[in-house]
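> Here is a sequence together with a model predicted from it:
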Amino acid sequence: MIDIHLHILPGVDDGPATIQEALALAVTLVQEGIHAAIATPHYNDEFPHRSANEIRERVASLQSVLNQYRIPLHLFAGHEALIQPELLNDLYAGRLATLNGSRYLLLELWNTSWLPETDRVIFELLANGIIPVLAHPERYRTIQHHPERLQTLLQQGLLTQLTASSLIGLQGNSAQKCAELLLKKGLISCIASDAHGLTRRIPAVARGMQRAVELVGQERVRQMVEACPSAILNNQSMYATSQP
């Protein structure tokens, strides 16, 4: 499995506070079947903005420690960007990192409301060759109440990333029901951990994947945890992998 949404860089956001916690999380991720992952710290006003270059440096530093302890997890750099009108400017200025320097950007929406500029920002990103990968759509109230809104965005070229732990109820009952619905309707491109540590937002990838297999079958799940994430990681076309 390739994990495209992960908070593992120590002392950067609400992920691990220490290098020891980051290493413990890495060990668990490997045990869950993940061999490569994109570190995606938050890019919003809640935490200090870390430039794309700084994130790459921090990833390289953590990778060095992983290698030292022979933990077989290969890390890449990215951001999880909260939607705002300045995202394109931040990308061009080098402040915001796409997923491993690709055309794909992990994008987060506000949980409780659909801001008026949401559609415009997504359109501008797509028009400029940046493909948003919508993080955890099952957690947004608007998507929970109006899943057809997600269908419209997918038709425009947006991709989606489901959080594995949502499928086993760790993100709440509403998120679990929405996650199952979105999977069954074929509205999910990738499954990722969105792990933050071993005490909150735990990976739970293996159990989540098991539930996904029950819902949509082994081959479809393989597409969502191997083929689609691999295409993102390598900046390849998604035509053959994003949707059934």
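Perfect, I can see it now. Being a predicted model, the structure only gives us computed values, none of them experimental. Residues are numbered from 1 along each chain as shown.
> Phi, psi for the closest residue to residue 159 other than its chain neighbours please.
Closest residue to residue 159 apart from its sequence neighbours, by C-beta to C-beta, 6 or more residues apart in numbering: residue 189 at 4.1 Å. No exception for glycine: its C-beta is placed from N, CA and C like everyone else's. Main-chain torsions, residue 189, degrees, to the nearest 10: phi -90, psi -40.
> For residue 55, give me its contacts.
Contacts for residue 55 were tallied using C-beta atoms under 8 Å, 6 or more residues apart in numbering; they are 9, 39, 41, 77-79, 97.
> Show me the two of those residues that sit farthest apart.
9 and 97 (11.7 Å; C-beta to C-beta).
> more crowded one of these two?
residue 97 (31 against 23; other C-beta atoms under 10 Å).
> Name the nearest residue to the more buried one, ignoring sequence neighbours.
residue 52 (3.7 Å).
> and the residue nearest to residue 159, how many neighbours?
Residue 189 is flanked by 24 other residues according to other C-beta under 10 Å.
> Check residue 210 too.
Neighbourhood size, residue 210 [other C-beta under 10 Å]: 13.
> Next up, the contacts around residue 125.
Contacts of residue 125 (C-beta under 8 Å, 6+ apart): 87-88, 105, 107, 131-132.
> Could you dump the residues you listed into JSON lines and include secondary structure and distance to residue 113?
JSON lines is the format used below for the contacts of residue 125 (DSSP: H, G, I helix; E, B strand; the rest coil; distance: C-beta to C-beta, whole Å):
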{"residue": "87", "secondary structure": "helix", "distance to residue 113": "18"}
{"residue": "88", "secondary structure": "helix", "distance to residue 113": "22"}
{"residue": "105", "secondary structure": "strand", "distance to residue 113": "21"}
{"residue": "107", "secondary structure": "strand", "distance to residue 113": "16"}
{"residue": "131", "secondary structure": "strand", "distance to residue 113": "24"}
{"residue": "132", "secondary structure": "strand", "distance to residue 113": "18"}
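> from what I can see residue 160 touches residue 149, true?
No. Contact criterion C-beta atoms under 8 Å: residue 160 and residue 149 do not qualify, at 11.7 Å.
> Same drill for those two, tell me which one is more crowded.
Set residue 160 next to residue 149 and count neighbours by other C-beta under 10 Å: residue 160 wins out with 25 against 16.
> List the contacts of that one.
133-134, 137, 150, 154, 182, 187-190.
> Which secondary structure element is home to residue 161?
Per DSSP states H and E, residue 161 falls inside strand 159-163.
> Would you mark the buried spots in the helix or strand following that strand?
The C-terminal neighbour of strand 159-163 among helices and strands, as given by DSSP H and E, is helix 173-184. Across helix 173-184, burial judged by 16 or more other C-beta atoms under 10 Å covers 175-176, 178-180, 182-183.
> Determine which two of those are furthest apart.
Top of the distance list for those (C-beta to C-beta): 175 and 183, 12.3 Å.
> Is the residue nearest to residue 159 in contact with residue 161, as I believe?
Yes. The pair residue 189 / residue 161 is scored as a contact, 6.7 Å apart, by C-beta under 8 Å.
> can you map out the helices along the chain?
19-31, 52-68, 87-92, 118-127, 141-145, 148-156, 173-184, 205-216, 218-222, 228-233 (DSSP state H).
> and stretch 206-219, how far out from the chain's middle?
18 Å (C-alpha atoms, centre = their mean, to the nearest Å).
> Setting the sequence-adjacent residues aside, check what's closest to residue 180.
Once flanking residues are discounted, residue 180 sits nearest to residue 215: 6.1 Å by C-beta to C-beta, 6+ apart.
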